[in-house]
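K.L.:
here is my input; please provide its structure:
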Amino acid sequence: MKKKILLIVRRTSGEIDWVLPILNKISNQYEIITIFENKSIFNDLKRNRQLFALWSVISNKYYVRNIYDDLIGRSLISVFNKLEKIFKVSLASKKEKIFKNIFVKKIIKSKLKINNLDSISFLFHDWGGFTGWINAFKNTKIKIIYFPHSTLKYSITPKHLNNLFGHIMIVGSKSEKMKWKKLFNGKIIVTGHPKYSSEWLSKFKPLKSNNKKFKIVLPMKDWKDSVEKKKLQNILLSVFEVLDKHSDKIILYIKVARKHYYANKNFINSLLIKFQISFKFCEDSLLSLAKSSDLFLVFNDSSVTYDALSQKTLSIELWNKNPKISTTKKYTFQAKNKKDFEKTFNKVFNKNIKNYTIKKYKIFYKNFLTKIKYNNILKYF
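P.N.:
Numbers count the residues shown, from 1 in each chain. Sure thing, here's the model as predicted:
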């Protein structure tokens, strides 16, 4: 019987997008079981057709958590967290018992029917936030492996990651390894970002289309509050006014964000109704869209930029923040306002960008494609 790997998907399908190439390499050696922290995350993966198909091949056993399954346990954890803040005491041991009851007894044993914990070799978990799974498997033989949930470099490491418990940390670059050394006592392995390996990219096919129009991809971002939503509305109205001048020659593919999925669709529909632009909501991988499109429109500090450039498709970075602080600045065109966007868009639309494409792809190739080292992590399995 194969040993098992548990993959915890905490927040978005982007976690699977990052780690799946590695798990694919070892799927013949291990049974890979995926646990989704809630139904919306699972639905997010299903709306990513190509990625969902690739995941399904290597993980045919999974569990989607239901809040009613462990409502009492979750409520107790919330109470303990508040008590710790108020009285400045540690209730870690009590919380650990609750986590073991929720995750080991009620999910691993009851839902997944795994009675022998020794059959589980590894637990994969992104480092972006806690779910309780880490606490549940302390003092067991199961090795905890952390991985990034994005190809972005984060300039600030969240405070909650101090003294992170685990065995292996996978990172995308040497600079990230240096940052993690101060916070993590386990082994830190640099692999680059395997999702951009030629072997993995070949699994994402271009979309079938006879449409000869200029194809633009808009990966829509979530908003935090009404102020940010209004800001996005103003930006997008300016963008659509420019695109509308070419409405007979373009088609807009819209990839809707997860958190406000239906609200996002309604929001976009309400804006585009004023224009003549042909558009389509897509449930395809961004990598497949990049292979099929001429341009991406992105909000800055987005790993979408890299997905596009992996297929030599350039992005225009919109002005939702000051472009000077964008970490993806050297990989994109920067639009500082509507006028700047129109000037840049016309340049791309008229295909006066060949030299720009070559230059930016060379930077991407050097910083990403030459850094992929599968074997750095595979030797531990």
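K.L.:
and the helix of greatest length in the chain, what does it pack onto?
P.N.:
Taking DSSP state H as the assignment, the helix of the chain that covers the most residues is helix 226-244. Where contact means 3 or more C-beta pairs under 8 Å, 6 or more residues apart in numbering; DSSP states H and E, helix 226-244 is packed against helix 261-272, helix 338-349. To be clear about C-beta, it is placed using only N, CA and C from the backbone, and glycine gets the same treatment.
K.L.:
what packs against the helix or strand where Ser175 lies?
P.N.:
Following DSSP states H and E, one finds Ser175 within helix 174-180. The helices and strands touching helix 174-180, judged by 3+ C-beta pairs under 8 Å, 6+ apart, are strand 168-171, strand 187-190.
K.L.:
can I get these in a markdown table with distance to Tyr380 and mean neighbour count?
P.N.:
Output for the helices and strands packed on helix 174-180, formatted as a markdown table (distance: least, C-beta to C-beta, whole Å; neighbours: other C-beta atoms under 10 Å):
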| stretch | distance to Tyr380 | mean neighbour count |
| --- | --- | --- |
| strand 168-171 | 6 | 22 |
| strand 187-190 | 8 | 17 |
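K.L.:
which among the ones you listed is found nearest to Phe281?
P.N.:
With C-beta to C-beta as the measure, strand 168-171 is the member of the helices and strands packed on helix 174-180 nearest Phe281 (33.1 Å).
K.L.:
in its sheet, what does that closest one sit against?
P.N.:
Partners of strand 168-171 in the sheet, by DSSP bridges, are strand 143-147 (parallel), strand 187-190 (parallel).
K.L.:
so which of the helices and strands packed on helix 226-244 is the most packed in?
P.N.:
Ranked by average neighbour count under the criterion mean count of other C-beta atoms under 10 Å, the helices and strands packed on helix 226-244 are headed by helix 338-349 at a mean of 17.
K.L.:
now the longest helix of the chain: average pLDDT?
P.N.:
In this model, helix 226-244 has a mean pLDDT of 94.
K.L.:
ditto for stretch 73-91
P.N.:
Averaging pLDDT along stretch 73-91 gives 90.
K.L.:
so what touches that stretch?
P.N.:
If you take C-beta atoms under 8 Å, 6 or more residues apart in numbering as the criterion, stretch 73-91 is touched by Ile67, Lys94, Lys95, Ile98, Phe99, Asn101, Ile102, Lys106, Gly132.
K.L.:
which one of those is nearest Ile22?
P.N.:
Distance to Ile22 across those (C-beta to C-beta) is lowest for Gly132, with 23.7 Å.
K.L.:
residues touching that closest one, list them.
P.N.:
Applying C-beta under 8 Å, 6+ apart to Gly132 gives the contacts Ile77, Phe99, Ile102, Phe103.
K.L.:
now Phe240: how far from Gln334?
P.N.:
Distance of Phe240 to Gln334, given as C-beta to C-beta, to the nearest Å: 19 Å.
K.L.:
quick one on the thing from earlier: could you dump the helices and strands packed on helix 226-244 into CSV with distance to Lys230 and mean pLDDT added?
P.N.:
Below are the helices and strands packed on helix 226-244 laid out as CSV (distance: least, C-beta to C-beta, whole Å; pLDDT from 0 to 100):
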stretch, distance to Lys230, mean pLDDT
helix 261-272, 11, 92
helix 338-349, 16, 95
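K.L.:
let me have those in JSON lines, extended by distance to Gln50.
P.N.:
Formatted as JSON lines, the helices and strands packed on helix 226-244 follow (distance: least, C-beta to C-beta, whole Å):
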{"stretch": "helix 261-272", "distance to Gln50": "18"}
{"stretch": "helix 338-349", "distance to Gln50": "25"}
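K.L.:
show me how the chain divides into domains.
P.N.:
Domain assignment of the chain by automatic domain parsing yields the ranges 3-190, 214-367.
K.L.:
out of those domains, which is closest to Lys373?
P.N.:
Going by C-beta to C-beta, the one of the domains of the chain nearest Lys373 is domain 3-190, 6.7 Å.
K.L.:
and the closest one, how far apart are its ends?
P.N.:
In domain 3-190, first residue to last residue: 25 Å (C-alpha to C-alpha, to the nearest Å).
K.L.:
and if you look at stretch 103-120?
P.N.:
Stretch 103-120 end-to-end distance (C-alpha to C-alpha) = 13 Å.
K.L.:
which outside residues touch it?
P.N.:
Taking C-beta under 8 Å, 6+ apart as the rule, stretch 103-120 contacts 1, 3-6, 33, 35, 61, 63, 65, 69-70, 73, 132-133, 136-137, 140-142.
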